[in-house]
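*Asks:* Here is a sequence with its predicted model. Questions after.
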Amino acid sequence: MIPEGIEDRYDIVQILQETAATAVLLVNYRQIGALRILKAIHRAHPDAYSILSEANLLHGIKSSQIPTIYTVEDTNEMYYLVEEYVEGQSLREYLLETIISKEKLLKYAISLCDVIEAMHTCDDDPIIYRDMKPEHVILQDDSVRLIDFGISVRKSKAAKARPLGTVNWAAPEQLNGGFIDERCDVYGVGKIIEFMQKHSNVREDFKIKKLVSQATDENIDTRIKSITVLKNELLKIQGNKERKKEENRYLGKRIAVVGAAKSVGTTKIAISMCMYLNKNKIDAYYKDEKSDTVHNLLKNLHGARLKDGVLYHKNFKGILNYGDAIENITPPIGMYIVDCGTDYDLAMSCDRVIIVTGSAPWISVSYPEWIRDKSVYVIGNMCTKLACIKLAKELKKKIYMYPQTGSANGLAKEEERIIQELLRNERDF
């Protein structure tokens, strides 16, 4: 399968793949001494057009993350193309001996989204890659490059494309011959992120796990709808991390306080935490996303004042829901204590999560699977010591037992002690 007439221009370095009708060769281009990839296919093969198709597809993508096509030629018996040899280590090879950091995981994932986004937005007819797997992702510094576009297809021709792809990596609809569009590449990138997370030091990061779950949803209708949406979600996660390097460690943080059930004291704990932080010279603002707590405080707290949509009372700062307050207000800069009620989805949008639980026998409690994550803290409120010990054993993590206080709006010394204990890890807060 080595094309005739190439020996005067190319030296064969290695035969990478060869069948009765196809070949992939690593060659040396003599004129400049550069390594290239040469792909050849017999003209009589049913997929002979794939060489021409791949060359045409790659020419239409404006991205430095894909191989450059140098030439497409044919002999009496075969077609062949010569493309750039992408140097680097495949993602699979790299992760065989490396535990990847969260920073690198996000950089590689976003970079991978960039190249897929370039394919999905090229010309008027998006290109669907269809062959995402770790062997095809080549690492170069903090960026990735993508290789092997043999089964890529234009969206306009996807309905007639054969069911091709790699089991355990390709989307179900792609393998089953169903309707395919750009969302099958969202699935493929999601699988790559999942693969990286399994070989990372953030294997239980619930934000990344949730994003992977949404990207690899087997139901195409409920899957993340585009690679751009997936990329933006990754940028949000990365942004929280990047801001830590540039800003004061407290600014811009969002701490969620969410109840495992109703009436477990979520609001009281969130308000107390806000007061404690402000007392210790850390700008903190209470935000109730589910009800009108701050409005009610404004009516009932003697000496409270309102300025630019923020309620001030002693060490408490609470943000009114802007829909009912002054319009076009710029949110103040500081730490946000978000009272989430019992909304776990809202809590997951924050930087850290505190789950409040009780031990009343008539309350049914259902904990999310990510409660065991290291970035999730659990407070037992209105709990006996025995109940807290039992829960700690069940969850295999530390439980903070909140003290019982008689004050409705003050901050008792016992509360200060437990909040100080909870917030002592400055890497988290």
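*Replies:* Happy to help now that I have it.
*Asks:* CA atoms for contacts and neighbours, from now on please.
*Replies:* Fine.
*Asks:* what's the offset of stretch 286-305 from the middle of its chain?
*Replies:* Its chain's average C-alpha position is 35 Å from that of stretch 286-305, according to CA atoms, centre = their mean, to the nearest Å.
*Asks:* My read is that residue 95 contacts residue 199, right?
*Replies:* Yes. Taking contacts as CA atoms under 8 Å, residue 95 lies within contact range of residue 199: 6.4 Å.
*Asks:* wait, what's in contact with residue 73?
*Replies:* 79-81 (CA atoms under 8 Å, 6 or more residues apart in numbering).
*Asks:* Quick one: classify it as helix, strand or coil.
*Replies:* For residue 73, the assignment made with DSSP: H, G, I helix; E, B strand; the rest coil gives strand.
*Asks:* what does the model give it for pLDDT?
*Replies:* According to the prediction, residue 73 has pLDDT 83.
*Asks:* does it have beta-bridge partners, and which?
*Replies:* Under the criterion DSSP bridges, residue 73 forms beta bridges with residue 80.
*Asks:* Check the contact between residue 45 and residue 51; I expect there is one.
*Replies:* No. Here residue 45 does not reach residue 51: they are 11.1 Å apart, not a contact under CA under 8 Å.
*Asks:* ok, the two, which is more surrounded?
*Replies:* Regarding residue 45 and residue 51, a neighbour count based on other CA atoms under 10 Å identifies residue 51 as having more, with 20 against 13.
*Asks:* these two touch, right, the more buried one and residue 41?
*Replies:* Yes. Between residue 51 and residue 41 there is a contact under CA under 8 Å: 7.4 Å.
*Asks:* So for the two, which residues contact both of them?
*Replies:* With contacts defined as CA under 8 Å, 6+ apart, the residues adjacent to both residue 51 and residue 41 are 79-80.
*Asks:* List of residues touching stretch 51-69?
*Replies:* Where contact means CA under 8 Å, 6+ apart, the residues beyond stretch 51-69 that reach it are 39-41, 72, 79-86, 115, 118-119, 122-123, 127, 144-147, 149-150, 152-154.
*Asks:* tell me the average confidence for that stretch?
*Replies:* 81.
*Asks:* quick thing: my sequence starts at 30, can you match it?
*Replies:* All set: I'll call the first residue 30, so the last point we hit is now stretch 80-98.
*Asks:* mind exporting that stretch as CSV, just the C-alpha atoms?
*Replies:* Once non-C-alpha atoms are left out, stretch 80-98 reads as follows in CSV (Å, rounded to 0.1, in the frame of the first residue of the first chain):
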residue,chain,number,x,y,z
ILE,A,80,-9.1,10.9,1.7
LEU,A,81,-10.5,13.7,-0.5
SER,A,82,-13.3,14.4,2.1
GLU,A,83,-10.9,14.7,5.0
ALA,A,84,-8.7,17.1,3.1
ASN,A,85,-11.7,19.2,2.1
LEU,A,86,-13.0,19.3,5.7
LEU,A,87,-9.7,20.3,7.2
HIS,A,88,-9.2,23.1,4.7
GLY,A,89,-12.4,24.6,5.9
ILE,A,90,-11.5,24.8,9.6
LYS,A,91,-9.8,28.0,10.8
SER,A,92,-7.8,26.6,13.8
SER,A,93,-4.2,26.0,14.6
GLN,A,94,-5.2,23.0,16.7
ILE,A,95,-5.8,20.8,13.7
PRO,A,96,-3.1,19.3,11.3
THR,A,97,-2.2,21.3,8.2
ILE,A,98,-2.8,19.5,4.9
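*Asks:* for that stretch, the distance to its chain's centre please.
*Replies:* Mean C-alpha position of stretch 80-98 versus that of the full chain (CA atoms, centre = their mean) differs by 28 Å.
*Asks:* Which residues belonging to that stretch are considered buried?
*Replies:* The neighbour-count criterion (16 or more other CA atoms under 10 Å) identifies 80, 82-84, 86-87, 90, 92, 94-98 as the buried residues of stretch 80-98.
*Asks:* For residue 168, state which of those is nearest.
*Replies:* Looking at the buried residues of stretch 80-98 and their distance to residue 168, the nearest is residue 94, at 10.3 Å (CA to CA).
*Asks:* For that closest one, grab phi and psi.
*Replies:* Backbone dihedrals for residue 94, given as degrees, to the nearest 10, come out at phi -90, psi 0.
*Asks:* likewise the one 5 residues further on?
*Replies:* Residue 99 adopts backbone torsions of phi -100, psi -40, taken as degrees, to the nearest 10.
*Asks:* That one: neighbour count?
*Replies:* Residue 99: 12 surrounding residues under other CA under 10 Å.
*Asks:* That one touches residue 113, doesn't it?
*Replies:* Yes. With contact taken as CA under 8 Å, residue 99 and residue 113 are classed as touching, separated by 7.2 Å.
*Asks:* Look at residue 54 and give its secondary structure.
*Replies:* Counting by three-state DSSP, the backbone at residue 54 sits in strand.
*Asks:* do you know how far it is from residue 47?
*Replies:* Taking CA to CA, to the nearest Å as the measure, residue 54 and residue 47 are separated by 8 Å.
*Asks:* These two: who's more crowded?
*Replies:* Ranked by neighbour count (other CA under 10 Å), residue 54 and residue 47 place residue 54 first, with 21 against 15.
*Asks:* Can you give me the pLDDT of the more buried one?
*Replies:* The pLDDT attached to residue 54 in the predicted structure is 89.
*Asks:* contacting residues for it?
*Replies:* The neighbourhood of residue 54, defined by CA under 8 Å, 6+ apart, consists of 41-46, 66-68.
*Asks:* Filter these down to the buried ones and hand me the ChimeraX line.
*Replies:* For selection in ChimeraX, the members of the contacts of residue 54 meeting the burial criterion (16+ other CA under 10 Å) are listed in this command:
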select :41,66,67,68
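*Asks:* Which pair in the contacts of residue 54 has the greatest spatial separation?
*Replies:* Using CA to CA, the pair of the contacts of residue 54 lying farthest apart is 42 and 68, separated by 13.6 Å.
*Asks:* Let me see the confidence value for residue 390.
*Replies:* You'll see residue 390 listed with a pLDDT of 61.
*Asks:* tell me the strands in the stretch 330-458 of the chain, going along the chain?
*Replies:* Shown for the stretch 330-458 of the chain, the strands assigned by DSSP state E, counting those that start in this stretch span residues 334-336, 339-342, 345-348, 364-368, 381-386, 405-409, 428-430.
*Asks:* Parallel or antiparallel, list what pairs with the longest one.
*Replies:* Pointing back at strand 381-386 there. strand 283-288 (parallel), strand 405-409 (parallel).
*Asks:* Sort out which residues of it are buried, please.
*Replies:* Burial within strand 381-386, assessed by neighbour count using 16+ other CA under 10 Å, is assigned to 381-386.
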